[in-house]
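Asks: Coordinates for the following, if possible.
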Amino acid sequence: MSVKKQLLDKGIKLMLYALPLMFIGPSVIYNAFINKQNVWHWLVLAVGLFLSGLAVYFMFKGIKTLTDALFDHDRK
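Replies: Okay, the predicted model is just below:
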């Protein structure tokens with residue numbers, strides 16, 4: 001079984017992008033729910049949801065890239 005090194009590096013890089021977002025996104029969402037009396041509540045909540053969604057996207061993309069690198073998956 002051959003491992004495609006460049007594809008493997010790309011997958012690991014995508015997973016590393018997702019790692020800080022997995023902590024920052026929920027923290028921002030929590031901050032938005034704590035400060036409901038603030039006028040910026042909805043904007044902070046939207047940013048937190050966007051960051052969390054971005055973390056999920058990078059995780060799925062990274063896992064897919066890693067599996068493509070590890071398993072010989074021919075695309076036609």
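Asks: what are the phi and psi values for the one residue sitting closest to the centre of the chain?
Replies: Central residue of the chain (CA atoms, centre = their mean): residue 55, 2.0 Å from the mean position. Main-chain torsions, residue 55, degrees, to the nearest 10: phi -60, psi -40.
Asks: Helices of the chain, start to end?
Replies: 5-34, 41-70 (DSSP state H).
Asks: Next, the angle from the last one to helix 5-34.
Replies: To tie it back to what came earlier, the one meant is helix 41-70. 160 degrees (axes from the mean of the first three to the mean of the last three CA atoms, to 10 degrees).
Asks: ok, and for helix 41-70, which residues are buried?
Replies: Within helix 41-70, the residues that count as buried by 16 or more other CB atoms under 10 Å are 44-45, 47-48, 51-52, 54-55, 58-59, 61-62, 65-66, 68-69. Every C-beta, even on glycine, is put in place using the N, C-alpha and C of the backbone.
Asks: What of the first one?
Replies: Neighbour counts using 16+ other CB under 10 Å place 10-11, 14-15, 17-18, 21-22, 24-25, 28-29, 32 of helix 5-34 among the buried residues.
Asks: In JSON lines: those, plus distance to residue 40 and pLDDT.
Replies: Converted to JSON lines, the buried residues of helix 5-34 look like this (distance: CB to CB, whole Å; pLDDT from 0 to 100):
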{"residue": "10", "distance to residue 40": "36", "pLDDT": "93"}
{"residue": "11", "distance to residue 40": "36", "pLDDT": "93"}
{"residue": "14", "distance to residue 40": "31", "pLDDT": "95"}
{"residue": "15", "distance to residue 40": "31", "pLDDT": "96"}
{"residue": "17", "distance to residue 40": "26", "pLDDT": "96"}
{"residue": "18", "distance to residue 40": "26", "pLDDT": "96"}
{"residue": "21", "distance to residue 40": "21", "pLDDT": "96"}
{"residue": "22", "distance to residue 40": "23", "pLDDT": "96"}
{"residue": "24", "distance to residue 40": "17", "pLDDT": "97"}
{"residue": "25", "distance to residue 40": "17", "pLDDT": "97"}
{"residue": "28", "distance to residue 40": "11", "pLDDT": "96"}
{"residue": "29", "distance to residue 40": "14", "pLDDT": "96"}
{"residue": "32", "distance to residue 40": "8", "pLDDT": "94"}
